[in-house]
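S.K.: Quick one: sequence and predicted model below, then my questions.
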Amino acid sequence: AIPVPAPAPAPATPLCTHQTVYVPVNRLAKVQEARLRLPILAEEQQVMETINENPIVIVAGATGSGKTTQLPQFLYEAGYAQHKMIGVTEPRRVAAIAMSKRVAHEMNLSEREVSYLIRFEGNVSPATRIKFMTDGVLMKEIESDFLLNKYSVIILDEAHERSIYTDILVGLLSRIVPLRHKRGSPLKLIVMSATLRVSDFTENTRLFKQPPPLINVECRQYPVTIHFQKRTPEDYVAEAYRKALKIHNQLPEGGILIFVTGQQEVNLLVRKLRRCFPYRQQQEQQQQDEQQDEQLEDVAEENFDMKRVIRNIRKSKKKFLAQMELPKINLDDYKLPGDDTEADMHEQAEEDHSDDEEELDALSAGEELEGVSELSSGPKQPLWVLPLYSLLSSEKQNRIFQPVPEGCRLCVVSTNVAETSLTIPHIKYVVDSGRQKTRLYDKLTGVSAFVVTYTSKASAEQRAGRAGRISAGHCYRLYSSAVYEHQFMEFGLPDIQQKPVDDLMLQMRSMGIDRVVHFPFPTPPDQLQLQAAEQRLTVLGALKATPSDAKDLPPAMTPLGRVISRFPVAPRFGKMLALSHQQGLLPYTVCLVAALSVQEVLQETGVQRTEDVAPKANKFHEKRQRWAASGNFQLLGDPMVLLRAVGAAEYAGSRGQLPEFCATNGLRQKAISEVRKLRVQLTNEINLNVSGVQLSVDPQLKPPSDAQARFLRQILLAGMGDRVARKVPLSEITDKEERRRLKYAYNTPDMVDPAFLHASSVLKQKTPEWIIYQEAYELRNGDSEKMFLRGITAIEPEWLLLYVPLLCNMREVRDDPPPRYEPSSGKLFCFVEATFGKAGWPLPLSEI
Ligand code: ADP
Ligand code: MG
């Protein structure tokens with residue numbers, strides 16, 4: 001027999017292998033010298049071989065080892081930028097800008113060749129070879145060019161931060177890379193991360209069939225001594241200030257890096273420290289800084305801060321007093337009989353003077369630092385204080401890398417930008433507040449707010465590590481070791497698991513990702529929840545209902561869905577906002593969305609929210625009833641009370657009367673401030689995201705007109721279409737006892753047993769036939785349980801067909817009553833029999 005030759009072994013995936021061409025780079029000698037000291041330089045060969053031979057590579061390494069600045073250069077020199085671009089994504093804008101500038105400088109190339117692109121800003125040109133961008137920008141590019149044909153390599157930097165976009169990009173690129181390979185135009189993917197939880201990427205079969213190779217960049221790190229605080233002070237900004245003074249007064253040279261949570265805190269500390277150890281040049285800078293800060297105010301992402309708002313209100317109040325001119329609207333708009341709280345505004349203005357700064361002034365710097373024996377004596381040198389946060393102009397960000405003036409000590413006050421994204425040179429002392437600003441989402445409403453929380457242990461380690469780059473260092477933690485042990489999480493949660501799924505689903509769909517349920521997330525959100533979200537979005541009209549013959553196609557996105565996705569709130573609120581573009585409704589809807597998102601704005605004295613007690617028990621009830629007194633105000637119901645409460649409270653606040661106003665009207669003052677915060681934030685984000693809209697955040701929102709209140713009822717229905725209820729028809733019940741029991745009972749489409757109007761509702765006495773509710777909850781009392789409905793608005797049944805058509809089932813036109821033509825409106829009125837929800841109620845439709 002003739003032996004059949006064995007098939008030749010397949011060539012080792014030739015398309016993966018990159019043909020190295022050496023592209024020379026002409027660096028300055030000084031730059032080259034500095035590069036050679038970076039740990040990643042020692043591993044250039046291994047790194048590049050791995051990348052050349054594999055389509056996907058994970059690179060992990062300590063912050064400062066040179067990943068971000070050097071890897072793009074390695075790739076450039078190996079010819080990856082010859083025909084296509086090298087793309088690098090960063091979760092933070094600061095990093096995208098700073099790194100592009102640094103790399104351009106190191107490579108001696110212009111900013112046309114090494115460029116950046118962030119939303120609204122960039123210097124990308126046709127000559128761009130290396131492009132730094134935010135992950136959101138690359139996400140947008142995928143929408144128009146799914147295969148990313150412009151790029152030969154994509155580097156996803158800072159993957160450990162687990163930003164939503166980076167997570168989604170990892171998933172998308174895990175599929176794009178093989179596709180590009182098939183097309184014969186391979187794309188390399190490099191996922192870069194600090195040395196944290198790399199296993200989420202490497203050991204993830206959902207993402208990569210074969211685990212991609214992992215390169216660990218070794219990095220020399222000097223020991224850092226950790227000092228915990230005995231107690232954890234509330235006012236960490238003051239404590240940070242005190243600590244910085246002590247370090248500067250008592251410890252040998254070496255830069256100080258202070259971590260606080262936001263732009264406001266950074267600026268406050270910078271101002272104070274500069275004043276304390278002045279340096280002439282820097283005082284001029286301070287003035288400039290302050291002018292520019294004002295301009296940044298409204299576009300800020302993380303700069304939103306109540307203190308600033310209050311300060312602005314105070315400022316405008318002073319102006320107002322100086323001119324003795326009446327404000328545009330006056331309290332009388334909100335004043336109701338018996339509400340008189342006339343206070344002397346002049347007096348109030350005098351008192352308002354105290355500020356955080358004075359509190360800081362009062363702090364002493366006399367005590368000694370614990371745990372440190374090396375004391376420097378000598379004259380107090382000036383401190384070279386620099387701020388760092390994401391919205392700082394790039395020119396100012398760059399100051400952290402410039403030489404410190406002779407005889408000064410460097411002190412950088414930063415948000416967690418300096419944790420891993422930017423490595424600041426010469427740091428020996430780290431002061432860690434242990435806090436960060438986190439975006440927290442309300443599960444119910446999807447409205448997000450920035451909240452100050454403790455960081456994770458992993459973050460605390462990263463921050464401490466910043467002190468050990470040049471020599472042994474010290475980290476002063478402004479919290480106790482007990483707090484660290486018990487209240488710090490091991491790692492921060494990935495953003496994707498903190499965001500409400502409805503929102504995520506809609507956002508991904510608007511990016512063109514159809515099968516969100518099957519999407520390869522690095523850590524997936526709950527699948528069942530994703531499916532339920534898809535259903536809710538369909539009812540809302542954001543996704544098209546699937547015809548029964550196309551069940552396995554995902555429902556398509558509707559134009560309404562696209563609009564909704566642009567609002568930074570849960571889709572049901574997004575829909576409300578989307579429908580509010582007319583009749584001057586947007587400010588009211590913004591206010592409502594904010595108010596509905598905060599718990600317990602209205603106090604219920606004597607009535608637990610979970611109790612059902614006669615309205616008399618709440619002494620504020622009558623007042624509220626008057627706030628929603630008649631006409632559409634009354635029918636708008638409990639949301640009207642909220643609208644009025646918030647409007648009037650903010651107005652009272654602008655006159656310095658907030659505490660009294662809240663006390664006399666049964667409002668929770670803290671909640672009112674939160675609502676205010678959300679209003680400002682929502683308004684800013686809407687102005688930023690929705691073109692053609694420019695809202696202002698006037699603290700003096702006039703009550704709506706009666707007509708507007710009617711529109712607001714419809715708008716609420718549009719968002720809450722799945723929360724409709726209809727009064728149990730009492731006329732059909734003959735038993736007297738039963739009739740009494742069911743006096744406040746409502747049927748809903750989802751629940752078997754009727755639910756009851758809660759005592760807190762201003763519509764409890766009126767018991768309208770059709771309502772929507774904001775919240776349904778169960779109350780157990782011994783063996784019995786009862787459902788209650790809160791946040792009630794009356795609706796007209798004929799609106800249902802218009803706003804929640806999917807929940808209505810149409811039947812035929814009826815002759816009873818006979819069709820009627822109305823000449824004035826040119827409309828034909830007739831009755832159509834329709835049913836709503838699963839309960840199948842007849843629905844008269846009066847307008848076609
Ligand atoms: P990694 O990404 O591994 O955290 P980087 O590449 O960001 O590290 O930083 C490498 C080094 O380059 C750091 O020591 C950092 O201080 C330095 N560096 C980065 N940007 C600049 C700059 N604009 N001027 C001077 N040094 C810089
Ligand atoms: Mg980096």
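M.R.: Okay, I see it. Ligands and ions are numbered 1, 2, ... in the order given.

S.K.: For this structure, which residue occupies the most central location?
M.R.: R439 (4.5 Å; Cα atoms, centre = their mean).

S.K.: That one: what secondary structure?
M.R.: At R439 the chain is in strand, as set by DSSP: H, G, I helix; E, B strand; the rest coil.

S.K.: Which strand residues bridge it?
M.R.: R439 has the following beta-bridge partners by DSSP bridges: F450.

S.K.: The closest residue to ligand 1 within the stretch 601-750 of the chain: neighbour count?
M.R.: Taking Cβ to the nearest ligand atom, ligand 1 has its nearest neighbour within the stretch 601-750 of the chain at L688, 28.4 Å off. Where C-beta positions appear, they are placed from N, C-alpha and C, glycine not excepted. Residues near L688, counting by other Cβ atoms under 10 Å, number 16.

S.K.: Would you mind measuring from it to ligand 2?
M.R.: From L688 across to ligand 2, the span is 27 Å (Cβ to the ion, to the nearest Å).

S.K.: got the CA coordinates for the helix or strand where that residue lies in CSV?
M.R.: In this assignment (DSSP states H and E), L688 forms part of helix 669-689. What follows is helix 669-689, C-alpha atoms only, in CSV (Å, rounded to 0.1, in the frame of the first residue of the first chain):
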residue,chain,number,x,y,z
GLN,A,669,-34.6,69.4,54.9
LYS,A,670,-31.9,67.0,53.9
ALA,A,671,-34.2,65.6,51.2
ILE,A,672,-34.9,69.0,49.9
SER,A,673,-31.2,69.6,49.5
GLU,A,674,-30.8,66.3,47.7
VAL,A,675,-33.6,67.2,45.3
ARG,A,676,-31.9,70.5,44.6
LYS,A,677,-28.7,68.7,43.9
LEU,A,678,-30.4,66.3,41.5
ARG,A,679,-32.2,69.1,39.8
VAL,A,680,-28.9,70.9,39.1
GLN,A,681,-27.2,67.7,38.0
LEU,A,682,-30.0,66.7,35.7
THR,A,683,-30.3,70.1,34.2
ASN,A,684,-26.6,70.2,33.5
GLU,A,685,-26.6,66.8,32.0
ILE,A,686,-29.6,67.6,29.8
ASN,A,687,-28.0,70.8,28.6
LEU,A,688,-24.9,68.8,27.8
ASN,A,689,-26.5,65.8,26.2
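
S.K.: That one: what's the following helix or strand?
M.R.: Heading C-terminal from helix 669-689 (DSSP H and E), you reach helix 706-719.

S.K.: what's the nearest residue to A718 once chain neighbours are set aside in contact with, if anything?
M.R.: In this structure, A718 finds its nearest non-sequential neighbour in Y803, 4.5 Å apart by Cβ to Cβ, 6 or more residues apart in numbering. By Cβ atoms under 8 Å, 6 or more residues apart in numbering, Y803 lies in contact with 714, 717-718, 721.

S.K.: that older thread, can you work out which other helices and strands pack against the helix holding L688?
M.R.: With contacts defined as 3 or more Cβ pairs under 8 Å, 6 or more residues apart in numbering; DSSP states H and E, helix 669-689 has these neighbours: helix 306-323, strand 448-454, helix 586-597, helix 638-654, helix 658-665.

S.K.: which stretch in the ones you listed is the model least sure about?
M.R.: The weakest mean pLDDT among the helices and strands packed on helix 669-689 belongs to helix 306-323, with a mean of 38.

S.K.: Surely P525 and D502 touch.
M.R.: No: taking Cβ atoms under 8 Å as the definition, P525 is not a contact partner of D502, at 10.7 Å.

S.K.: What strand or helix carries D502?
M.R.: helix 501-510.

S.K.: Which strands and helices lie in contact with that helix?
M.R.: In terms of contacts (3+ Cβ pairs under 8 Å, 6+ apart), helix 501-510 is packed against helix 527-540, helix 559-565, helix 571-578.

S.K.: one more time with 6 Å, if that's ok
M.R.: helix 527-540, helix 559-565 (3 or more Cβ pairs under 6 Å, 6 or more residues apart in numbering; DSSP states H and E).

S.K.: Number of residues surrounding the residue in the stretch 501-650 of the chain that ligand 1 sits nearest to?
M.R.: Residue nearest to ligand 1 within the stretch 501-650 of the chain (Cβ to the nearest ligand atom): P522, separated by 20.0 Å. Per other Cβ under 10 Å, the neighbour tally for P522 reads 21.

S.K.: same question, I215
M.R.: Applying other Cβ under 10 Å, we find 20 residues neighbouring I215.

S.K.: If I follow the layout properly, it ends up in contact with G61?
M.R.: No: taking contacts as Cβ atoms under 6 Å, I215 lies outside contact range of G61: 7.9 Å.

S.K.: next one: the helix holding L688 to chain centre, how far?
M.R.: From the chain centre to the centre of helix 669-689 is a distance of 12 Å (Cα atoms, centre = their mean, to the nearest Å).

S.K.: Flag every buried residue along that helix.
M.R.: By neighbour count on 16 or more other Cβ atoms under 10 Å, the buried set for helix 669-689 is 671-688.

S.K.: Ok, stretch 218-238 next?
M.R.: For stretch 218-238, the buried set under the neighbour-count rule, 16+ other Cβ under 10 Å, comprises 219, 221, 224, 226-229, 232-233, 236-238.

S.K.: now could you export just the CA positions of it as CSV?
M.R.: Output of stretch 218-238 as CSV, limited to C-alpha atoms (Å, rounded to 0.1, in the frame of the first residue of the first chain):
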residue,chain,number,x,y,z
GLU,A,218,7.9,43.8,37.3
CYS,A,219,8.3,47.1,39.0
ARG,A,220,10.6,48.2,41.8
GLN,A,221,8.7,49.6,44.7
TYR,A,222,10.2,51.0,47.9
PRO,A,223,8.6,50.2,51.2
VAL,A,224,5.8,52.6,52.3
THR,A,225,5.0,53.0,56.0
ILE,A,226,1.3,53.1,56.6
HIS,A,227,0.0,55.3,59.4
PHE,A,228,-3.6,54.9,60.4
GLN,A,229,-5.4,57.6,62.3
LYS,A,230,-6.6,56.7,65.8
ARG,A,231,-10.1,58.0,65.1
THR,A,232,-11.8,58.6,61.8
PRO,A,233,-12.7,62.3,61.5
GLU,A,234,-15.8,63.3,59.7
ASP,A,235,-14.2,66.4,58.2
TYR,A,236,-11.4,64.7,56.2
VAL,A,237,-10.7,67.9,54.3
ALA,A,238,-9.8,69.7,57.4
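
S.K.: Which positions in stretch 512-524 come out as buried?
M.R.: 513, 516, 519-522, 524.

S.K.: Please name the residues that touch G66.
M.R.: 38, 40 (Cβ atoms under 6 Å, 6 or more residues apart in numbering).

S.K.: wait, is G512 part of a helix?
M.R.: No: per three-state DSSP, G512 lies outside any helix segment and is coil.

S.K.: Got phi/psi on it?
M.R.: Main-chain dihedrals, G512, degrees, to the nearest 10: phi 90, psi 10.

S.K.: Setting aside sequence neighbours, what's the nearest residue to it?
M.R.: Closest to G512 by Cβ to Cβ, 6+ apart is E143, at 5.6 Å.

S.K.: Roughly how far does the one you found sit from R93?
M.R.: 20 Å (Cβ to Cβ, to the nearest Å).
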